[in-house]
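>>> Sequence first, then the predicted structure:
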Amino acid sequence: MSVLDGVNSPEDIKNLNMKELEELCSDIRKMLVETVSETGGHLASNLGVVELSVALHKVFDSPLDQIVFDVGHQCYTHKILTGRKDKFSTLRQEGGISGFVRPDESEHDIFSSGHSSVSVSQAIGLAKAKTIKGEKGNVIAVIGDGALTGGLAYEAFNNGSNNCGNLIVILNDNKMSISQNVGSMSRHLTNVRTSKRYFSLKSGVSRILSKIPKVGASVNRCLTFVNSEIRKRVYNNATFFEELGFRYYGLIDGHDMESLIAVLNAAKTQRHAVLIHISTIKGKGYNPAEKNPTQFHGIGKFNVHTGECNSSGKNFSSVFGDAMCALAEKDSRICCVTAAMAEGTGLAEFAHRFPKRFFDVGIAEQHAVTFSSGLAKNGMIPVFAVYSTFLQRSYDQLIHDVAMQKAKVLFGIDRAGFVGEDGESHQGIFDVSFLNTVPYLTVYSPSCYEEMYGMFRNAVYNCSSAAAVRYPRGQEKEMPDGYCYDNSDFSVFGDIHSKNCIVTYGREFSECYAAYKNLKDTFIIKLNKIKPVEIGAVNLLRDAKNVFFYEESVKTGSVGEVMAAMLAENGIHVNFRHIAVNNEFIRQASIESQLKTYKMDRESIINEVSNV
């Protein structure tokens, strides 16, 4: 029987000795690798925080002590320890447990998550509320060094230490060294400061000094000042956090269970905001992930023994990267910007071939948009490659720094529409609605790879202001035989005098076209440019009786709503049916299942149109 077999809740690890804890970590790593190889998910980051997650639940009493994971993609060990071990094989599957923290799964999950740099702000709010209500317990935020490239984290740090004696921030440094000069002296000082003898001595001296008349308080303040100055000299650059009011402990080996438990116990006794700086290895314990943590950050199914992934070949992201390289080869104004997603958005080859025109700004989408407007102002043509779900974070910059300036910034919006198993936080169903509110912005939506190239060319050479090309996750689907993109704003298939018309765009066109081939008295309008909607496409509906508009978007503010309004404004009376997402968050499932759930698959379309 393994140690993990006997662990079904955080209480089950409280009395485990150090050897048993280390065996538990080994058992968990084995489960992580075996499960993610079958379900896909975030592997490298989770392998890196196994010891930290175990130590947190060893020292603290969740959910009385609230643990907030930034992004939440590194929560797998936390899930295993908090009663979801037996369901772990359902990770990211329809009806199973999420790949992120979800309060509806467990009381140990505090916030729904998916986006970065938010944990410290959330933790401060939790800690302040506990203080106001007089509740016991600490609040612990776990944030990675990558998330520190997001400005929200610094806004939180600037506000976080004031009267937050129950706040602990753990900085998981698994890539960059924030403080290169933190060496043996700082490690020794941290060991001293986390020992029980140190705390006993410190509190004893403070009590004695406080009893000395007249000079005691002054001496105590002097010693505190000297102590602070020594820490500044020893910790060097790490005192950034000390200057912000946090008590700093670091650098701690994030895979040394004994050291982790010691520093967490020390932080638990503080009456002051604490930052614990730990160093971990992404992919720890699984050689392929240690060698290539980027590939194993978010990965599909893979062979456990070899680490080889089930490659799916060309997809919209890779074609986007090819298109950017082709355009940049001919036009020296083309440059690409990404927010820590070079590989995910298909820009690795562009970064290699055009290093002076490639900018990875870190997890800072707001900065990326405003930075791009600066590039555009001085004559460059920047293309910001970003997942739809993360573009939401820069809505203000879209309006104020791009549209209002009439800056020609291009947006490559990846993973638009349904994205599958990543769940609620990553579905790309909101960009259409908020982009529809932005003036001077043109939006294209390709259905195939050929259109991807053509639409970006249009955006570069035929748009005078900002433009976006939004495209789905995965590969292209069925297109009509002999179809060739002719740069038109919309395309028509079938007899426009038919009774029924299906209107759609993007990936959904393939589902609609497959259905159209099995329908009578029906034609299709495929919108290539979805903002603005061309009046010519609307006028084609004058002879139709029934119009069915299909789109992978929330209904409010969508293209379907725009077209419905245009029909009414132009006195065109039809039976208009809008099939979209009813303003809700979409649970994890395969993309095929999501299309079926929302009646956007081929069979559902046939049934809807046939039975009108």
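In hand now; what should we look at?

>>> just checking, residue 277 is part of a helix?
No: Residue 277 is assigned strand when assessed by DSSP: H, G, I helix; E, B strand; the rest coil, not a helix.

>>> Isn't it up against residue 246?
No: judged on CB atoms under 8 Å, residue 277 makes no contact with residue 246 at a distance of 10.1 Å. C-beta coordinates here come from the backbone N, C-alpha and C atoms, glycine included.

>>> who has more neighbours, the two?
residue 277 (26 against 23; other CB atoms under 10 Å).

>>> Can you give me the pLDDT of the more buried one?
As predicted, residue 277 sits at a pLDDT of 95.

>>> what's the closest non-adjacent residue to it?
Ranked by CB to CB, 6 or more residues apart in numbering and with sequence neighbours excluded, the top spatial neighbour of residue 277 is residue 250, at 2.9 Å.

>>> That neighbour belongs to a helix?
No: secondary structure of residue 250 (three-state DSSP): strand, not part of a helix.

>>> Report how many residues lie close to it.
So residue 250, with other CB under 10 Å, has 23 neighbours.

>>> what separates it from residue 47, distance-wise?
21 Å (CB to CB, to the nearest Å).

>>> can you check residue 160 too?
Taken as CB to CB, the span from residue 160 to residue 47 is 29 Å.

>>> Please work out which helix or strand belonging to this protein has the smallest mean pLDDT.
One helix or strand of the chain scores below all others by mean pLDDT, DSSP states H and E: helix 184-193, with a mean of 46.

>>> mind checking the end-to-end distance for stretch 414-431?
11 Å (CA to CA, to the nearest Å).

>>> which residues of the chain score low on pLDDT?
Low-confidence segments of the chain (pLDDT under 70): 175-239, 311-312.

>>> Could you identify the longest helix within it?
helix 18-39 (DSSP state H).

>>> Now do that helix: distance to the chain's middle.
Relative to the centre of its chain, helix 18-39 is centred 25 Å away, using CA atoms, centre = their mean, to the nearest Å.

>>> Likewise for stretch 472-491?
How far stretch 472-491 lies from its chain's middle: 29 Å, per CA atoms, centre = their mean.

>>> Restricting the selection to alpha carbons, write it to CSV.
Extracted as CSV, the C-alpha positions of stretch 472-491 are listed here (Å, rounded to 0.1, in the frame of the first residue of the first chain):
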residue,chain,number,x,y,z
PRO,A,472,-10.3,28.9,-33.8
ARG,A,473,-8.3,26.4,-31.9
GLY,A,474,-7.2,23.3,-33.9
GLN,A,475,-7.4,22.5,-37.6
GLU,A,476,-9.4,23.6,-40.5
LYS,A,477,-12.5,21.6,-41.4
GLU,A,478,-14.5,20.8,-44.6
MET,A,479,-14.8,23.6,-47.2
PRO,A,480,-16.6,23.5,-50.5
ASP,A,481,-14.8,21.8,-53.4
GLY,A,482,-12.7,24.4,-55.3
TYR,A,483,-13.4,27.2,-52.8
CYS,A,484,-11.0,30.1,-53.2
TYR,A,485,-11.0,33.2,-51.1
ASP,A,486,-11.4,36.2,-53.3
ASN,A,487,-11.0,38.9,-50.6
SER,A,488,-14.8,39.5,-50.6
ASP,A,489,-16.5,40.6,-47.4
PHE,A,490,-19.0,37.7,-47.6
SER,A,491,-19.6,34.6,-49.7
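
>>> Report the buried residues of it.
472-474, 476, 479, 483, 485, 489-491 (16 or more other CB atoms under 10 Å).

>>> Show only the entries of those found in strands.
Among these, the ones falling in strands (DSSP state E) are 490-491.

>>> which helices and strands sit right next to the helix or strand residue 268 falls within?
Element membership for residue 268 (DSSP states H and E) is helix 257-269. Here helix 257-269 touches helix 18-39, helix 50-59, strand 167-173, helix 184-193, strand 247-253, strand 274-279, going by 3 or more CB pairs under 8 Å, 6 or more residues apart in numbering; DSSP states H and E.

>>> returning to that earlier point: which one's more surrounded, residue 160 and residue 47?
More crowded of residue 160 and residue 47, by other CB under 10 Å: residue 47, with 27 against 24.

>>> how about the nearest residue to the residue most central in space within the chain, chain neighbours excluded?
Centroid check for the chain by CA atoms, centre = their mean gives residue 115 as the closest residue, at 3.8 Å. In space, and not counting its chain neighbours, residue 115 is closest to residue 425: 6.4 Å by CB to CB, 6+ apart.

>>> residues touching that neighbour, list them.
For residue 425, the contacting residues are 100, 112-115, 389, by CB atoms under 8 Å, 6 or more residues apart in numbering.

>>> And the residue nearest to the centre of the chain, how close does it get to residue 150?
9 Å.

>>> where along the stretch 401-550 of the chain do the strands fall?
410-414, 442-444, 467-470, 490-493, 500-505, 522-527, 529-531, 546-554 (DSSP state E, counting those that start in this stretch).

>>> Which other helices and strands does the third one contact?
In this structure, strand 467-470 makes packing contacts with strand 410-414, helix 431-435, strand 442-444, helix 449-462, judged by 3+ CB pairs under 8 Å, 6+ apart.

>>> Check those for me and report the most buried one.
Ranked by mean neighbour count, those are led by strand 410-414 with a mean of 27 (mean count of other CB atoms under 10 Å).

>>> which helices and strands does that strand pack with?
Contacts defined by 3+ CB pairs under 8 Å, 6+ apart place strand 410-414 against helix 316-330, strand 381-387, helix 388-391, helix 449-462, strand 467-470.

>>> Endpoint to endpoint, stretch 504-524 covers what distance?
8 Å.

>>> Of the helices and strands packed on strand 467-470, which is nearest residue 537?
In terms of CB to CB, the element of the helices and strands packed on strand 467-470 nearest to residue 537 is strand 442-444, at 14.2 Å.

>>> possible to save the strands of the stretch 401-550 of the chain as CSV with distance to residue 84?
Shown next, in CSV, are those (distance: least, CB to CB, whole Å):
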stretch, distance to residue 84
strand 410-414, 30
strand 442-444, 40
strand 467-470, 35
strand 490-493, 48
strand 500-505, 39
strand 522-527, 43
strand 529-531, 40
strand 546-554, 30
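
>>> Show me the one of those that comes nearest residue 168.
Among those, if distance is taken as CB to CB, the winner is strand 410-414, at 35.6 Å.

>>> tell me the angle of the closest one relative to helix 449-462?
160 degrees (axes from the mean of the first three to the mean of the last three CA atoms, to 10 degrees).

>>> Strand 410-414 pairs with which strands, and in what direction?
Paired strands of strand 410-414, with direction, are strand 381-387 (parallel), strand 467-470 (parallel) (DSSP bridges).

>>> any chance of these in TSV, plus distance to residue 452?
As requested, the strands paired with strand 410-414 are arranged in TSV below (distance: least, CB to CB, whole Å):
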stretch	distance to residue 452
strand 381-387	12
strand 467-470	7
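
>>> Out of those, flag the one nearest residue 399.
Residue 399 sits nearest to strand 467-470 of all the strands paired with strand 410-414, at 13.5 Å, using CB to CB.

>>> if we look at the closest one, which residues are touching it?
With contacts defined as CB under 8 Å, 6+ apart, strand 467-470 is touched by 388, 408, 410-413, 416, 428, 431-432, 435, 441-446, 452, 455-456, 458-459, 506.

>>> again with stretch 335-345
Residues outside stretch 335-345 that contact it (CB under 8 Å, 6+ apart) are 146, 149, 294-295, 298, 317, 320-321, 324, 328, 347-348, 350-351, 354, 357-365, 368, 371-372, 375, 380-387, 390, 412, 414.
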